[in-house]
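J.: here you go, sequence then predicted model.
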Amino acid sequence: MDIKVLQLHKRASYEFKHIQDKYAINPDAKTFALADGTTQSFNSEIWAEIITKRFVITPTFNTVELISSFTNQVAEYKNANFEFSSNPAKASLEKAKQNKGGTATFMGLHFTTENKIELISCGDTNLFLLNSENKVIAFPFSDVDSLDANNNFINTEQLIENKIDETFFKLKSIEYKSDDKIIIATDALSRLILKKPTTLSEILKIEDFNQLNDFCLKYWESKELQEDDISAIIIPAQNSGTVKTIQPPIDFSFPKEKEEEFIPTSLQQKKQRNYTDMEMNEIRNQFNGVAQDFHQVKKKLKLHEMLLMVAISLLMVNILLMYFFRPTNSKDETSKPKDKSENVIVKKYENTIVDLKSEIQTLQSKIAEFSKPKEEPKEEKVEPSKATPTISKEEAKKRQEELIKAGYKVTADGIWGAQSEKTWNEYLQKKKDKK
């Protein structure tokens, strides 16, 4: 049986020359490779063609050696001729893509003499082994969710920067029988097969381009098949080594979208160049890439904002804890020193007032004595009034301090009057009574 290659470009590309899927077959060595160049990368179809052709010539299933081989092939990719668009806007987008390099998925396989298939894969290109009992073995993805979760691709710039390692690749060895059929398919077709395994029988029956075109249109219109480049290699376990290629004829192209008629307004405007649908599609793809970059930036900004809010919250909690657990002094304790100082001042002024009153009384009594007219002495014996004894200032101060210790309200200022003498006599009398 013959080996069949099925290929059809997506409708948005219009012509088959724009397909980004590439394959290579070495029938003598029984080695096959299929790669899917990504739309957003630069010259991805050239990169996909380079890695597939080199693999089937010198296949290796050692990931370190394969990465080294791919890295050496980056120079060939960069040396490929490419003419930038004459349109400045489109040329700017092309140069931006060039800086990010070319990107592709990859799957390589080799039929050994021991009825085994050696497989190595990176990306979402998938293999399906259909046996005589119509049971399907899928590799590396067995369901749509795991296929869609793939994030590994072979990018030229990442190869140069040593950012691609063994974890990007998956390896497997599968035993096969003579009546088994192996199908390698790019992501869009693999997704359809995983969702609807019965489509495998339809794919195997395709024998010409019309059947392939009808198959793709049918599932594109029903939205079951993603609008993307479609590529598959069907390999019977017992094959003749001949390859049958089913691709669009040279004169085939998908119809372009109907352009709306432009009705000019009364205002005069400068004539603008109309872009082709292919150019507009390329620009849309670039803007989609920019939108994805902005989405990533937005996610990072949200993360930073969340971390900032957490930091502010922790700071507020810390301030509240410091406030509630701070050392506090009771109102009574804080008011005691103030009350004590006020009492001392009040006592001091009260003592001063008392002393002043005693001095005033003494002066009033002296004035009264001087103002009275002199009377002739009577025969009666008049007991002389007791006058305030005169003492030194030091002695007065000493007595006043003793009175203060005894609890009397006096001021130790060294001034001794009648009131002071009276208070001193009371103190001496009490002292005597206690004895």
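T.: Here it is on my side, so go on.
J.: which residues of the stretch 201-350 of the chain fall in strands?
T.: All strands of the stretch 201-350 of the chain, identified by DSSP state E, counting those that start in this stretch, fall at 230-236, 243-246.
J.: make CSV out of those strands and add distance to Glu282 and mean neighbour count.
T.: The C-beta positions use only the backbone N, C-alpha and C, and glycine is treated the same way. Putting the strands of the stretch 201-350 of the chain into CSV (distance: least, C-beta to C-beta, whole Å; neighbours: other C-beta atoms under 10 Å) gives the following:
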stretch, distance to Glu282, mean neighbour count
strand 230-236, 20, 24
strand 243-246, 27, 15
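J.: and of these, who's closest to Lys357?
T.: strand 230-236 (121.5 Å; C-beta to C-beta).
J.: quick one: strands adjacent to that closest one?
T.: Paired strands of strand 230-236, with direction, are strand 3-8 (antiparallel), strand 181-185 (antiparallel) (DSSP bridges).
J.: buried residues of stretch 73-91, list them for me.
T.: For stretch 73-91, a neighbour-count test (16 or more other C-beta atoms under 10 Å) marks 73-74, 77-78, 90 as buried.
J.: wait, which of the strands paired with strand 230-236 is closest to Ser240?
T.: Closest among the strands paired with strand 230-236, using C-beta to C-beta: strand 3-8, at 8.1 Å.
J.: report the distance from the closest one to the chain centre.
T.: In terms of C-alpha atoms, centre = their mean, to the nearest Å, the centre of strand 3-8 is found 44 Å from the chain centre.
J.: let me see the residues that make contact with that strand.
T.: 16, 19, 21, 23, 25, 27, 203, 206, 209, 212-213, 216, 229-236, 239, 241-248 (C-beta atoms under 8 Å, 6 or more residues apart in numbering).
J.: and after that strand, which helix or strand comes next?
T.: Downstream of strand 3-8, the next assigned helix or strand under DSSP states H and E is strand 21-26.
J.: now the helix or strand following that next one against strand 181-185, angle please.
T.: Counting by DSSP H and E, the element after strand 21-26 in chain order, helix or strand, is strand 31-36. With axes from the mean of the first three to the mean of the last three C-alpha atoms, to 10 degrees defining the directions, strand 31-36 sits at 30 degrees from strand 181-185.
J.: let me have the buried residues of stretch 73-91 in a markdown table, adding pLDDT and secondary structure as columns.
T.: Formatted as a markdown table, the buried residues of stretch 73-91 follow (pLDDT from 0 to 100; DSSP: H, G, I helix; E, B strand; the rest coil):
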| residue | pLDDT | secondary structure |
| --- | --- | --- |
| Gln73 | 94 | helix |
| Val74 | 93 | helix |
| Tyr77 | 92 | helix |
| Lys78 | 90 | helix |
| Lys90 | 81 | helix |
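J.: one step back: possible to save the strands paired with strand 230-236 as CSV with mean neighbour count, mean pLDDT and distance to Met306?
T.: Below are the strands paired with strand 230-236 laid out as CSV (neighbours: other C-beta atoms under 10 Å; pLDDT from 0 to 100; distance: least, C-beta to C-beta, whole Å):
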stretch, mean neighbour count, mean pLDDT, distance to Met306
strand 3-8, 22, 96, 47
strand 181-185, 24, 96, 42
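J.: so for Leu34, which of those sits nearest?
T.: strand 181-185 (4.9 Å).
J.: average model confidence for the next helix or strand after the closest one?
T.: Heading C-terminal from strand 181-185, the first helix or strand you meet, by DSSP H and E, is helix 187-195. On average, the pLDDT along helix 187-195 is 96.
J.: got it, and stretch 52-62?
T.: On average, stretch 52-62 scores 95.
J.: contacts for that stretch next, please.
T.: Under C-beta under 8 Å, 6+ apart, the answer for stretch 52-62 is 22-26, 29, 31-35, 66, 69, 73, 106, 108, 110, 118-120, 171.
J.: buried by neighbour count, from those: which ones?
T.: 22-26, 31-35, 66, 69, 73, 106, 108, 110, 118-120.
J.: circling back: save the strands of the stretch 201-350 of the chain as TSV, and put in distance to His9 and mean pLDDT too.
T.: Listed next are the strands of the stretch 201-350 of the chain as TSV, based on distance: least, C-beta to C-beta, whole Å; pLDDT from 0 to 100:
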stretch	distance to His9	mean pLDDT
strand 230-236	8	96
strand 243-246	13	95
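J.: Ser253: which of these is closest?
T.: Set against Ser253 and scored by C-beta to C-beta, the strands of the stretch 201-350 of the chain come closest in strand 230-236, at 15.6 Å.
J.: list the contacts of the nearest residue in space to Tyr176 that is not next to it in sequence.
T.: Computed as C-beta to C-beta, 6 or more residues apart in numbering, the closest residue to Tyr176 that is not its neighbour in sequence is Ala237, at 5.1 Å. Ala237 makes contact with 111, 176-182 under the criterion C-beta under 8 Å, 6+ apart.
J.: by neighbour count, which of the residues you listed wins?
T.: The most crowded member of these, judged by other C-beta atoms under 10 Å, is Ile182 (23 neighbours).
J.: quick one, what contacts the closest residue to that one other than its chain neighbours?
T.: Excluding its sequence neighbours, the residue lying closest to Ile182 (C-beta to C-beta, 6+ apart) is Ile235, at 4.4 Å. By C-beta under 8 Å, 6+ apart, the contact set of Ile235 is 3, 32, 181-184.
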